[in-house]
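>>> Need a 3D model of the following:
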Amino acid sequence: MMHLHVICEGRTEQQFVNTLLMPHLAKPALAVSTRDLGGVGKPPRYARIKKFLLNKLKDDPRPASRFTTLIDLYGLPPDFPGWARGFYSEGDPYSYINLLEREFANDIDDERFIPYIQLHEYETLLFSSPQTFDCLSATPSQVGKIAKIAQDFGNIELINRSRQTAPSKRIEGVFPGYDKVANGVDIAELIGLPTLREKCPHFNEWITKLEQLQEDL
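This is a model prediction of the structure:
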């Protein structure tokens, strides 16, 4: 039996995995469990992320076990491997995120580890279907503002540019009462995993890698 451990940045990401990914990935021979990184500080320094992850790898030394992460690019600490090299503002965000994930994997140095960093943060996913913001008792104007942001960027995984215009900040600007934990997973669940994957190529690549684990069983 294979065990997939998903190390999540915080409670929202953990709830997202439990609600959407676990039912999708779990099979009789593949168990999925989650842990919340929030307990070691938010955002923690990379040294603490690494220690947390290495401890998990040590706790489960079985060759069939796999480990992955769900952490945001937004707010990564400057001591993160590769953080200062090829910064995405000077080039392609996808090249940058792939660099960070490679450096992360090299630093952890365990073939059972599958790194994943979300472009640019969890709220990116919620722009996949602006209409689902109706669940927040949104006005047509509010839904229209979310739709315009998604339309302006085309590729929603590229929504960012600054601390003031990160995906979560844009949502909070339209919905001042938005609560990351209370609302974030509800909206994603309404959107559904197929649409999230269709609209978010990097996210889809990660899910595809996790699905392929089932072929190794």
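
>>> by contact count, what packs against the helix or strand harbouring Thr208?
Thr208 is located in helix 201-212, with elements delineated by DSSP states H and E. If you count contacts as 3 or more C-beta pairs under 8 Å, 6 or more residues apart in numbering; DSSP states H and E, helix 201-212 packs onto helix 22-25, helix 93-108, strand 113-114, helix 193-199. Quick note: C-beta positions are derived from backbone N, CA and C, even for glycine.

>>> angle of that helix against helix 93-108?
40 degrees (axes from the mean of the first three to the mean of the last three C-alpha atoms, to 10 degrees).

>>> Now helix 201-212: buried residues?
202-204, 206-207, 210 (16 or more other C-beta atoms under 10 Å).

>>> Any idea how far it is from the middle of the chain?
11 Å (C-alpha atoms, centre = their mean, to the nearest Å).

>>> got it, and stretch 172-184?
17 Å.

>>> ditto for stretch 134-141
On C-alpha atoms, centre = their mean, the centre of stretch 134-141 falls 25 Å from the chain's centre.

>>> start to end distance for it?
Stretch 134-141 has its terminal residues 11 Å apart, counting by C-alpha to C-alpha, to the nearest Å.

>>> quick one on the thing from earlier: tell me which of the helices and strands packed on helix 201-212 is the most buried.
Mean neighbours per residue, mean count of other C-beta atoms under 10 Å, is largest over these for strand 113-114, with a mean of 19.

>>> same question for that one, mean pLDDT?
Computed over strand 113-114, the mean pLDDT rounds to 98.

>>> Can you give the strand pairings for that strand, parallel or anti for each?
Sheet pairing of strand 113-114 (DSSP bridges) gives strand 66-72 (parallel).

>>> Show me what the strand it pairs with is in contact with.
Outside strand 66-72, the residues within contact range by C-beta atoms under 8 Å, 6 or more residues apart in numbering are 2-9, 13, 16-17, 37, 49, 53, 56-57, 104, 110, 112-118, 120-122, 206, 210, 213.

>>> re the thing from before, Throw the helices and strands packed on helix 201-212 into JSON lines and include distance to Thr68, thanks.
Formatted as JSON lines, these follow (distance: least, C-beta to C-beta, whole Å):
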{"stretch": "helix 22-25", "distance to Thr68": "10"}
{"stretch": "helix 93-108", "distance to Thr68": "11"}
{"stretch": "strand 113-114", "distance to Thr68": "4"}
{"stretch": "helix 193-199", "distance to Thr68": "16"}
